[in-house]
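got a structure for you, letters missing:
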C-alpha cells in the first residue's frame, strides 16, 4: 500500500481539470495516443457538448513504480455533492487555479471541503502559457488562502503538458499512502466518528490486536446500471480484499450479490483477479437494480461480514423543485422509470407523483440547482426519448398551521387555505461572491434588489469577497445572469442553504380565460407580487396563441385581481362575400358572428403551449 496514491482534482468550473487529467493519462501511458481525445474522462455526450464535467470519473495510472488512482470531479456549484463524494475516497487533492482568472467562488468552496476531510492539498496554477496569465498574482492569492510557500505551487499547462510531470511527482512525494484501515484521522462524513490511524502499516501483531481477524469493507462512491452487465459499482477498498466471483453483502441495503468481475479503470474497464485495501476500482455485480447497492453503502464479504459499516454520505436535500410532465400521457410510465434509473446514481434527485388538471399526470422533481435541472431534462429527452413539459422551478416552503402543525410544500398549488395558516417560512441561502474591487457597489445593489443583505466583506489581493444572505426563491431564475451582467462576467458565485425564515409570503395565481392554471402559480413576497403578476401576464400574452375570441390573462392573490392582459381575437370578415350595399344583411351576419364568438368564449378551450410554463425562466 506504500506504492498507492489516491487523489482527486478540484477546481472552479472551466479551470482545466479534465485537460490536466488528459495529459496525466498521456504521460503515464494509460491511454495510447491514437485513442486520445480531449476531455477523455467526460464520456457523457452532454459533458462534451457543454464543455463541463457532470459526473465524477475514476482512472488508474502508473508512474515511477507507483499506482495513482485519480478521480476527476465537476466544478459547478450544482454538482458539489459529486465533489464531496470523491473527497471521501482519496487522501490528496490537486487544487487547480486558472492563471488568467485566479481564485473563484467554487475554488474556495472546494478547498473548504478538502480541508474538512483533512486531505493533503497540492496547489497548481494552470494555463500559464496564455498571454493573459498572471502567475505571480495568482500565486499570492493561493499563498494567502492555503498558507503554503511559493515553491510548493506548481506551474502547469494542461494544453501543452508543461509541468504535468511535476504534478505527478508531487502526488507521489506529498500525497499520503492509504493507511492500514484506509480511514484517516477524520470522519468519512459529518455523521461519522473520527478514527486515528497511521500512514504506514503497523506490525501484524498490533494489527490483529487493533482489528481482530481480517475483515473486508469498501465504500461505494458511485454506481450505474449497464443494460448488458447489470449494476456496476465504483468502490474504494478500505480494508481487506474482494476477489472475482466472491459473494458480497451491501450492509445498509442488506442485499447479497456476486462480484462477477472486479478490476480498475484505465479509463476503460480492465479486469483483475482481486481489489485490495487502498485501491479504487469497479465491481460488476449480478444485481438487477442500483436500489440494492446505493451510493454511500458499505460492501463486505457475505461469508465473513464486517460488524460495523463505514460512515456513509450525508443525505443531500434538493431545494429547487419543478414539475415534469410528458407531452403525451402514454409516456408517464416511461418518465417514471427513467427518473428512477437516474435517481439511483444521483442521490440528490428526489421525486413524487403530481397531477395537474391542465397537464395530466407527471412528477414533481427536486434538484440542487437550475443547471442540475437542465442536465436531467436533457438526459431524459436524449437518453430516454421523452417529450417533456417543465413547469416554472420553485423552492420548498414550511407552512405553520394555526394548530401548530408544520407542513412542507414543494409547489404553490399545494398551499392550504389562507385562513388556516399562521405563518409561511421560506429557505434562505448563505452566498459568497468573488469579484474585482471596483465592482462592489453594483453587486451590493443587486443583492438588495433580491431582498438579501451583506454579512461580510473581505479581500484577497485585488479581489473582494462578499458574503451575503438572501431568500432562495429570488436567486433561482436569473440572479446568476444578472450578476455576470453587472460585473462584465468577472464575478463568480457559490451558495449553500442556511435555514428557513418566516416572511410575508403570498400565492399568486394566473387565470387564462377565467380558468386557474395551478402549474403557473408562484409563491412570492407580498411586496413583489404586483410586479411579478404584471411581468408574467405580459409574457403569457406573447407566448399563448390568439384565438377566434378574446382571451383574458389575469394574475390574482386570492379573489383580488392584481394584473390583466388581453389577447385580442382574430377578426374574420364575414361580410366579404356580400357584394351589395345591403346594411341589414351585413348587420345580421355580424350579429350571428358575435353570438358565435360569445358561445366560443363560454365553451372554447385555450391551447396553452409548453413554453408558457417556463416564462419565469425567461426574464429578458
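Structure's in. What do you need? Fair warning: this is a prediction, and the values are worked out from it, not measured in the lab.

ok, for residue 274, nearest residue in space, not its chain neighbours?
Leaving out its chain neighbours, the residue that sits closest to residue 274 by C-beta to C-beta, 6 or more residues apart in numbering is residue 243, at 4.1 Å. Yep, even glycine has a C-beta here, placed from its N, CA and C like the rest.

So what's the residue count around the one you found?
Residues lying near residue 243 (other C-beta atoms under 10 Å) number 14.

Can you verify my assumption that it contacts residue 272?
No: applying C-beta atoms under 8 Å as the test, residue 243 and residue 272 come out as separate, 9.3 Å apart.

what do the two both touch?
residue 262 (C-beta atoms under 8 Å, 6 or more residues apart in numbering).

hmm, back to that, please tell me how far the residue nearest to residue 274 sits from residue 275.
Here residue 243 is placed at a distance of 8 Å from residue 275 (C-beta to C-beta, to the nearest Å).

and the residue nearest to residue 274, what does it touch?
Residues near residue 243 by C-beta under 8 Å, 6+ apart: 259, 262, 273, 274.

I'd like those written out as TSV, with pLDDT, neighbour count and distance to residue 98 added.
Shown next, in TSV, are the contacts of residue 243 (pLDDT from 0 to 100; neighbours: other C-beta atoms under 10 Å; distance: C-beta to C-beta, whole Å):
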residue	pLDDT	neighbour count	distance to residue 98
259	92	23	41
262	94	27	38
273	92	10	42
274	91	15	40
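
taking those residues one by one, which sit in strands?
Among the contacts of residue 243, the members found in strands (DSSP state E) are 259, 262, 274.

now, which of those residues sits nearest residue 32?
residue 262 (23.9 Å; C-beta to C-beta).

Go ahead and confirm the closest one touches residue 241.
No: using C-beta under 8 Å, residue 262 is not in contact with residue 241, being 9.6 Å away.

list the residues that contact both of the two?
The contact sets of residue 262 and residue 241 overlap at 274, 275 (C-beta under 8 Å, 6+ apart).

could you point out the longest strand in the chain?
Per DSSP E, the chain has its longest strand at strand 421-436.

After that strand, heading C-terminal, what element do we hit next?
The first helix or strand that comes after strand 421-436 along the chain, using DSSP states H and E, is helix 440-449.

Now do the helix or strand that that following helix is followed by against helix 440-449, angle only.
On the C-terminal side of helix 440-449, the closest following helix or strand by DSSP H and E is strand 453-460. For strand 453-460 against helix 440-449, the angle by axes from the mean of the first three to the mean of the last three C-alpha atoms, to 10 degrees is 150 degrees.

got the angle between strand 453-460 and strand 421-436?
With the same axes, to 10 degrees as the basis, strand 453-460 and strand 421-436 are set at 20 degrees to each other.

Quick one: residues in contact with the following helix or strand past strand 453-460.
Of the helices and strands lying after strand 453-460 in sequence (DSSP H and E), the nearest is strand 463-471. Contacting residues not belonging to strand 463-471 are listed as 102-103, 108, 141, 426-437, 440, 443-444, 447, 450-459, 498, 501, 503, 525 [C-beta under 8 Å, 6+ apart].

mind listing what's buried in strand 463-471?
463, 464, 465, 466, 468, 469, 470, 471 (16 or more other C-beta atoms under 10 Å).

Report the strands that pair with that strand, each with its relative direction.
Take DSSP bridges as the rule and strand 463-471 pairs in its sheet with strand 421-436 (antiparallel), strand 453-460 (antiparallel).

Against which helices or strands is the helix or strand just after that strand packed?
Scanning forward in sequence from strand 463-471 by DSSP H and E, the next helix or strand is helix 472-475. On a contact count with 3 or more C-beta pairs under 8 Å, 6 or more residues apart in numbering; DSSP states H and E, helix 472-475 meets strand 421-436.

Going by neighbour count, which residues in the strand it packs on are buried?
Buried-residue list, strand 421-436, by 16+ other C-beta under 10 Å: 424, 425, 426, 427, 428, 429, 431, 432, 433, 434, 435.

same check, this time on stretch 376-388
Applying 16+ other C-beta under 10 Å to stretch 376-388 flags 376, 377, 379, 380, 384, 386, 388 as buried.

Run through who's touching it.
Stretch 376-388 is contacted by residues 45-46, 324-328, 331, 334-335, 338-339, 342, 346, 349, 365, 367, 390 when judged by C-beta under 8 Å, 6+ apart.

please redo it, this time with the cut-off set to 6 Å
The contact list for stretch 376-388 (C-beta atoms under 6 Å, 6 or more residues apart in numbering) reads 46, 324, 327, 331, 335, 338, 390.

The last one and residue 514, how far apart?
Pointing back at residue 390 there. 25 Å.

Which parts of the stretch 301-450 of the chain are strands?
Applying DSSP state E, counting those that start in this stretch to the stretch 301-450 of the chain gives strands spanning 320-326, 350-356, 360-367, 388-390, 397-401, 406-409, 421-436.
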